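Trainee: kindly generate the corresponding structure for this input.
(one chain, ligands or ions: 3)
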Amino acid sequence: MPDKALLSLQLDHLKELQARYESALADQGFDSLLIASGAAPYRYGDDQAWHFQGYGPFLHWTGLTGREHCWLWLRAGHQPVLWLHEPVDFWHANQPLAEEPWQTFIEVRSSQSPEAPVLDDPGSLAVIGDPALLDNVPGEPNPENLLRALDETRVRKTPYEIECLAHANALALAGHRAARDAFADGESEFGISLAYQQATRQREADAPYHSIIGVNDHAGTLHYQYYDTQPPGHSRSLLIDAGVRFRGYCSDITRTTAGPGESHFAALVHGLERVQLRLCDMVAPGVDYIDIHRKAHQGIAALLSATGLVTGLEDYEIIEQGITRVFFPHGIGHFLGVQVHDVAGKPTPPPEDAPFLRLTRQLEPGMVVTIEPGLYFIPSLLDPLLEGKVGQHLNQELINRLRGCGGIRIEDNVVVTETGSRNLTRDG
Ligand code: GLY
Ligand code: MN
Ligand code: MN
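Mentor: Numbering: from 1, shown residues only. Ligands and ions are numbered 1, 2, ... in the order given. This next block holds a predicted model:
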């Protein structure tokens, strides 16, 4: 059972959501809103469904992941109603709902049917959710302007959400410690994954995203998606990017560890961590997140130069020649919430020099962002650079030695406060 303080914050969170949603509905000309939790689709040509996690706005209100065919009805000035799908079914279980104070704010009705409930006097109704489930449901389905306005209600986190995100961080950090120990013991990627799951007490399918666990050169694939089941023989490096969900809220943490005897790689990890901590310190109200991304390139240019990977160029030239983008091809981070890449990050498209950036806004108190610089040895990006005219400035011998370590990413989850920031990943 979560502590009383958190449960009481949840009531404040719900009151705030009621106000934010009522305002969005009024602005868009709706009297009420029905939210579908969703349901897992079946795999094509198969009788097996994908694993289900739940639709963002439904999680925003309830935090109840893994609940299919539930419906939440919101109306100005009325108590929200949640239809909880609890069919009599001898194939599947119904997860019992813990009795908690939020049920004084939201009326819960048990429902046998997966269908949308019949609503009493809904007025002008919007219904949102997976379009595959909205056929024959009354109301306007997924009105685009309303969806954008509802996304905006998720941008500034309430104190309850921040505590949930902090908790999701603490849980994931226990997993990261266990993963690092498993790597030190020479475990395979699969063994490291088991250690992470055991320490976090979370099935991998319930994690906010598929854990990225790359040993040696696999660490150089940004979203490496397989697990070697056999130990590597020689454990040179580990990159693990893995999170936990707590009451619907996600953590998204990456740590990189150098194996024994990898002094060059260890120095790079240490150098990138110093860059990363400086970037975390930049997080504050009024700061343009794109500037943090650009500062990351400056830090990486300086690191490439200081470690002798690049020689004979000034830092600004290392950036201008596109060298930092080869070593750091992704964006510096994104919003975090009930989705790992939370919504509303790009009201304007990313600039040309940062095409993969998922967040282009000025920071405001309550926003929660990741800060995740990387430095990778990615053959498909590096080799054309080595063969081109800037190849003469790259230390090919050192690069070839480090290729087998794959790459580095260091990722924390940071809240923008009124005066600066709180790093949820390094709080403790
Ligand atoms: N784990 C995915 C990401 O860092 O964005
Ligand atoms: Mn990540
Ligand atoms: Mn991330």
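
Trainee: count of residues packed around Pro365?
Mentor: Residues lying near Pro365 (other CB atoms under 10 Å) number 16. Where you see a C-beta, it was placed from the backbone N, CA and C, and this is true even at glycine.

Trainee: for the closest residue to Gly331 other than its chain neighbours, give its distance to Glu163.
Mentor: Sequence neighbours aside, Leu357 is the residue nearest to Gly331 in space, at 3.6 Å (criterion: CB to CB, 6 or more residues apart in numbering). According to CB to CB, to the nearest Å, Leu357 and Glu163 sit 28 Å apart.

Trainee: so, low pLDDT: which residues of the chain?
Mentor: Applying pLDDT under 70 to the chain picks out residues 1.

Trainee: and the lengthiest helix in it, what does it pack against?
Mentor: Ranked by residue count and defined by DSSP state H, the top helix of the chain is helix 159-184. Using 3 or more CB pairs under 8 Å, 6 or more residues apart in numbering; DSSP states H and E, the elements in contact with helix 159-184 are helix 4-27, helix 189-200, strand 237-242, strand 245-246, strand 249-250, strand 253-258, strand 368-371, strand 412-416.

Trainee: quick one: contacts for Gly420?
Mentor: Gly420 is in contact with 283-284, counting by CB atoms under 8 Å, 6 or more residues apart in numbering.

Trainee: torsion angles phi and psi at it?
Mentor: phi -180, psi -110 (degrees, to the nearest 10).

Trainee: mind checking what secondary structure the residue nearest the centre of the chain has?
Mentor: For the chain, the residue nearest the mean C-alpha position is Val340 (2.1 Å; CA atoms, centre = their mean). What DSSP: H, G, I helix; E, B strand; the rest coil gives for Val340 is coil.

Trainee: kindly report the same for Trp83.
Mentor: strand.

Trainee: and it, how far is that from Ile128?
Mentor: Trp83 sits 15 Å away from Ile128 when distances are taken as CB to CB.

Trainee: show me what the helix or strand hosting Tyr316 is in contact with.
Mentor: Assessed by DSSP states H and E, Tyr316 sits inside helix 315-320. Helix 315-320 has contacts (CB under 8 Å, 6+ apart) with 297-298, 301-302, 304-305, 310, 324.

Trainee: what bridges to whatever residue of the stretch 101-250 of the chain ends up closest to ligand 1?
Mentor: Closest to ligand 1 within the stretch 101-250 of the chain is Asp241: 4.7 Å, counting by CB to the nearest ligand atom. Listed by DSSP bridges, the beta-bridge partners for Asp241 are Ile212, Thr254.

Trainee: count of residues packed around it?
Mentor: 25.

Trainee: residue numbering should commence at 109 henceforth.
Mentor: In the new count, where the first residue is 109, that last one comes out as Asp349.

Trainee: residue contacts, it?
Mentor: If you count contacts by CB under 8 Å, 6+ apart, Asp349 has them with 319-321, 360-362, 517, 519.

Trainee: format the residues you listed as JSON lines; extra columns: distance to Ala148 and neighbour count.
Mentor: Shown next, in JSON lines, are the contacts of Asp349 (distance: CB to CB, whole Å; neighbours: other CB atoms under 10 Å):
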{"residue": "Ser319", "distance to Ala148": "20", "neighbour count": "24"}
{"residue": "Ile320", "distance to Ala148": "23", "neighbour count": "19"}
{"residue": "Ile321", "distance to Ala148": "25", "neighbour count": "28"}
{"residue": "Asp360", "distance to Ala148": "22", "neighbour count": "26"}
{"residue": "Ile361", "distance to Ala148": "26", "neighbour count": "23"}
{"residue": "Thr362", "distance to Ala148": "28", "neighbour count": "22"}
{"residue": "Arg517", "distance to Ala148": "30", "neighbour count": "23"}
{"residue": "Glu519", "distance to Ala148": "28", "neighbour count": "21"}
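
Trainee: tell me, which of those make contact with ligand 3?
Mentor: On the criterion CB under 5 Å from the ion, Asp360 are the entries of those that sit beside ligand 3.

Trainee: list phi and psi for whichever residue of the stretch 259-408 of the chain sits closest to ligand 3.
Mentor: Closest residue of the stretch 259-408 of the chain to ligand 3, CB to the ion: Asp360 (4.2 Å). Main-chain dihedrals, Asp360, degrees, to the nearest 10: phi -150, psi 90.

Trainee: buried ones in stretch 372-382?
Mentor: For stretch 372-382, a neighbour-count test (16 or more other CB atoms under 10 Å) marks 372-374, 376-377, 379-380 as buried.

Trainee: for Leu241, see how far away Leu273 is.
Mentor: Taken as CB to CB, the span from Leu273 to Leu241 is 28 Å.

Trainee: same check on Asp197?
Mentor: Applying CB to CB, the value for Asp197 to Leu241 is 18 Å.

Trainee: between the two, which one's more packed in?
Mentor: Neighbours per residue (other CB under 10 Å) separate Asp197 from Leu241, with Leu241 holding more: 22 against 9.

Trainee: OK, contacts around that one?
Mentor: Contacts of Leu241 (CB under 8 Å, 6+ apart): 144, 146-147.

Trainee: can I get these in JSON lines including secondary structure and distance to Ala257?
Mentor: Listed next are these as JSON lines, based on DSSP: H, G, I helix; E, B strand; the rest coil; distance: CB to CB, whole Å:
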{"residue": "Ala144", "secondary structure": "strand", "distance to Ala257": "18"}
{"residue": "Gly146", "secondary structure": "coil", "distance to Ala257": "20"}
{"residue": "Ala147", "secondary structure": "coil", "distance to Ala257": "25"}
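
Trainee: what does the stretch 409-536 of the chain have sitting close to ligand 2?
Mentor: So the stretch 409-536 of the chain meets ligand 2 at Glu519 (CB under 5 Å from the ion).

Trainee: that's all I had, so thanks and see you.
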